[in-house]
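Novice: pasted the sequence and its predicted model underneath.
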2 protein chains.
Amino acid sequence: MLSEFEIIQACFNQPGLAAVPGDVVRLGIGDDCTLLSVPSGKELAMSLDTLVAGVHFPEGADPMLVGYRALVVSLSDLAAMGAEPAGFTLGLTLPAADQDWLEGFSAGLKEAALAFRCPLLGGDTTRGPLTITIQVHGLNDAGKAILRSGARPGDAVYVTGSLGNAAFAIRELLGTEHMHDSARARYEQAFYRPMPKLALGHAAAGVVSAGIDISDGLLADLGHVCRLSGTGAQLALAAIPVGVPLQEYLPQQEALALALTGGDDYELLLTVSAVHEQALVALGEMLGLPPVRIGVITDGDAVECLDASGKPVTFAASGYRHF
Amino acid sequence: MLSEFEIIQACFNQPGLAAVPGDVVRLGIGDDCTLLSVPSGKELAMSLDTLVAGVHFPEGADPMLVGYRALVVSLSDLAAMGAEPAGFTLGLTLPAADQDWLEGFSAGLKEAALAFRCPLLGGDTTRGPLTITIQVHGLNDAGKAILRSGARPGDAVYVTGSLGNAAFAIRELLGTEHMHDSARARYEQAFYRPMPKLALGHAAAGVVSAGIDISDGLLADLGHVCRLSGTGAQLALAAIPVGVPLQEYLPQQEALALALTGGDDYELLLTVSAVHEQALVALGEMLGLPPVRIGVITDGDAVECLDASGKPVTFAASGYRHF
């Protein structure tokens, strides 16, 4: 059996994954604390997320995909604030020191850490049911972070890409026993390898009025923005960018419902005043993520969905509930 | 059933527990990220710990004690670096939204948060087996943190209090079904309510050469300091401050072994050069924690225990192994 120390050394304290001390990271893995230096004029943005096997990802899932996804879904919270990644900490609880699982998991983490420049700063490994807690840390220009609370009536509502893909993918992955390899790969990509919109989020800070990443589902997450901004919103259902596989395989109304309520896509939802709207569109196009205008912020207190004729439509589900 | 949002509101986003925005905390609970501002000349120290029910504390333990202990054992890592607390984040996984448990747990957290000025900054609640991950954040003067790696041959080794109490307490609490209320209260105090040595750690930064908090056991934690400092150490067994209940209830050798290898006391182990030794003792006396000199750092590569006649003695166990 490996000791905790040997696990950490072999899998986590490896080049490419573990932070190298520099201007921001003053001390990485191995002491009682990690030490960060925050440059003058910057603020530190931090977000903690827990993923539980059997709840947030299937038991028996490929550990490399689990590791990759665990880091990128947390990075999406930095994207939603407009922050640039500085590093992450990891609390890993696992039933036994399974070397194969740990090598796969740390390889997935490392791929994401390198791709998004967010190395491992420290953490804790313990024995117990498989649970992954990650806290990401990033830097914002002081006072410039994108908040959920900044939306104002009249602002346009944008999303950065098509919706429902991850929710559809996990349904297919769990529900279909025999699947063609290319289909499996496509669905795994949608669920396990969402793209955190870091560059767009960072560029959009100072341009947009509010933002959130869509993890609970569009209606639920737009609801969070409205609640904290003291506003309502109207969505034009005809404008919702429903994911292509949903359009292909599901009846139209079911596809739309999944796009509105399915979580886990990690697109950004951004609100922007008329004066900055063209700047946001231009930024998105420059970064290869042309944002889609789906509605408007109102002075109401609810999120309304309007069909092509302007008639309100109601959807039952409104996002993932953990309890 | 409560929703995740209602749990957070009712139990965690309450006065006294949740951070109030100020100079350091720019944005607390409720957005995609927490925002911290780190004053110029300061560094941010951070430490993440995971506690699993049935591994780190008994299933069915009083949730108030569990909450209190979860925060103070993490604060002990800040004490070991000499940092002043700024706030903590919480990843809580629990099987169901049990209102009574949550009220007790958050009350315990709140008591510790108020006592040590370390409010809740944000976090995540999820469904699954009971697991608590806490990351504490604190401030150090830049470049002045106490590291594990600074011990030098000739430095004296000190501890801040008696050892073995928590290990003895948990053994009694788990092993003795019928216990007098006053005995139970005393043992619960030792295990669930260790005192993080924050004031002493902060005052000792710049005085001591190295430090660590004793969570794995004295021999194991001194071993960490020696490994990272490239040194050995010699302990004088006659000088070890063995906890009073151990002296009363256990044979002498068993008491000593538990004091050397039992974890969870969260005393600090500090090393100090001859030139600063009197300053450390004076600081400890001023703060009501007179430190006890238990040995010396050597140019060897192991931790040796010497009996009263100077003869080496070996102890089998050397700290808690999670796997």
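Specialist: Thanks, I have it. Keep in mind the model is a prediction, meaning the values are calculated, not measured.
Novice: excluding chain neighbours, what is closest to A:Leu94?
Specialist: Nearest residue to A:Leu94 in three dimensions, chain neighbours excluded: A:Leu130, at 5.3 Å (CB to CB, 6 or more residues apart in numbering or on different chains). (Glycine included, C-beta is placed from N, CA and C.)
Novice: my guess is the one you found contacts A:Ala53. True?
Specialist: Yes: between A:Leu130 and A:Ala53 a contact is recorded at 3.9 Å, counting by CB atoms under 8 Å.
Novice: ok, these two, which is more surrounded?
Specialist: Regarding A:Leu130 and A:Ala53, a neighbour count based on other CB atoms under 10 Å in any protein chain shown identifies A:Leu130 as having more, with 23 against 20.
Novice: please report how far that one lies from B:Ala282.
Specialist: 49 Å (CB to CB, to the nearest Å).
Novice: what of A:Ala142?
Specialist: Counting by CB to CB - A:Ala142 and B:Ala282 are separated by 40 Å.
Novice: kindly report the same for A:Gly28.
Specialist: Between A:Gly28 and B:Ala282 the distance is 34 Å, computed by CB to CB.
Novice: which of those two has more neighbours?
Specialist: The neighbour comparison of A:Gly28 against B:Ala282 (other CB under 10 Å) goes to A:Gly28, with 20 against 13.
Novice: what number of residues lie near the nearest residue to that one once chain neighbours are set aside?
Specialist: Once flanking residues are discounted, A:Gly28 sits nearest to A:Ala19: 4.0 Å by CB to CB, 6+ apart. Around A:Ala19 there are 23 other residues, counting by other CB under 10 Å.
Novice: chain A: helices as residue ranges?
Specialist: A:4-7, A:63-81, A:99-115, A:165-175, A:181-192, A:198-204, A:218-229, A:244-249, A:252-261, A:274-286 (DSSP state H).
Novice: for these, which one sits closest to B:Ala302?
Specialist: helix A:4-7 (16.1 Å; CB to CB).
Novice: could you give me the average pLDDT of the closest one?
Specialist: On average, the pLDDT along helix A:4-7 is 71.
Novice: re earlier: can you check which residues contact both of A:Leu130 and A:Ala53?
Specialist: Overlap of the contact sets of A:Leu130 and A:Ala53 (by CB atoms under 8 Å, 6 or more residues apart in numbering or on different chains) consists of A:Glu59.
Novice: what's the neighbour count on the closest residue to A:Gly87 other than its chain neighbours?
Specialist: Distance criterion CB to CB, 6+ apart; nearest residue to A:Gly87, sequence neighbours excluded, is A:Leu121 at 4.1 Å. Applying other CB under 10 Å, we find 26 residues neighbouring A:Leu121.
Novice: so is stretch A:69-77 next to chain B?
Specialist: Yes: using CB under 8 Å from any CB of the partner chain, stretch A:69-77 reaches chain B at A:Asp77.
Novice: what does that stretch rub up against?
Specialist: Here stretch A:69-77 makes contact (CB under 8 Å, 6+ apart) with A:47-49, A:51, A:57, A:85, A:88, A:108-109, A:112-113, A:116, A:118, A:132, A:134-136, A:191-198, A:213, A:215, A:264, A:266, B:32-33.
Novice: what subset of the residues you listed is buried?
Specialist: Among the contacts of stretch A:69-77, those classed as buried by 16 or more other CB atoms under 10 Å in any protein chain shown are A:47-49, A:51, A:57, A:85, A:88, A:108-109, A:112-113, A:116, A:118, A:132, A:134-136, A:191-192, A:194-198, A:213, A:215, A:264, A:266, B:32-33.
Novice: cross these against strands and list the overlap.
Specialist: Among those, the members falling in strands (DSSP state E) are A:Ser47, A:Leu48, A:Asp49, A:Leu51, A:Pro85, A:Phe88, A:Ile132, A:Ile134, A:Gln135, A:Val136, A:Asp213.
Novice: what residues does A:Gln14 make contact with?
Specialist: A:Ser106, A:Lys110.
Novice: ah, wrong one, I meant A:Gly108
Specialist: Counted by CB under 8 Å, 6+ apart, A:Gly108 has contacts A:Pro63, A:Met64, A:Leu65, A:Val66, A:Gly67, A:Tyr68, A:Arg69, A:Ala70, A:Leu71.
Novice: out of those, who's nearest chain B?
Specialist: Of all those, chain B sits closest to A:Ala70, with 12.2 Å by CB to the nearest CB.
Novice: just give the closest residue to the closest one, not the sequence neighbours.
Specialist: A:Ala70's closest residue in space is A:Ile132 (CB to CB, 6+ apart), at 4.9 Å.
Novice: list the contacts for the one you found?
Specialist: For A:Ile132, the contacting residues are A:Thr50, A:Leu51, A:Val52, A:Val66, A:Ala70, A:Leu90, A:Gly91, A:Leu92, A:Thr93, by CB under 8 Å, 6+ apart.
Novice: near chain B, which residues of the stretch 101-250 of chain A are found?
Specialist: Contact residues, the stretch 101-250 of chain A versus chain B (CB under 8 Å from any CB): A:121-129, A:131, A:133, A:135, A:137-138, A:140, A:142, A:145, A:147-149, A:211-213, A:228.
Novice: again, 6 Å this time
Specialist: A:Gly123, A:Asp124, A:Thr126, A:Arg127, A:Gly128, A:Pro129, A:Thr131, A:Thr133, A:Gln135, A:Ala145, A:Leu147, A:Arg148 (CB under 6 Å from any CB of the partner chain).
Novice: highest neighbour count among these?
Specialist: For those, the largest neighbour count, defined by other CB under 10 Å, is 33 neighbours, found at A:Thr133.
Novice: wait, it touches A:Leu92, no?
Specialist: No: between A:Thr133 and A:Leu92 no contact is recorded; they are 7.8 Å apart, counting by CB atoms under 6 Å.
Novice: which intervals of chain A have sub-threshold pLDDT?
Specialist: Counting by pLDDT under 70, the ranges of chain A that qualify are A:1-2, A:4-5, A:177, A:316-323.
Novice: per-domain residue ranges of it.
Specialist: Per automatic domain parsing, the structural domains of chain A span A:4-141, A:148-313.
Novice: in JSON lines, list those along with distance to B:Glu6.
Specialist: Shown next, in JSON lines, are the domains of chain A (distance: least, CB to CB, whole Å):
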{"stretch": "domain A:4-141", "distance to B:Glu6": "18"}
{"stretch": "domain A:148-313", "distance to B:Glu6": "13"}
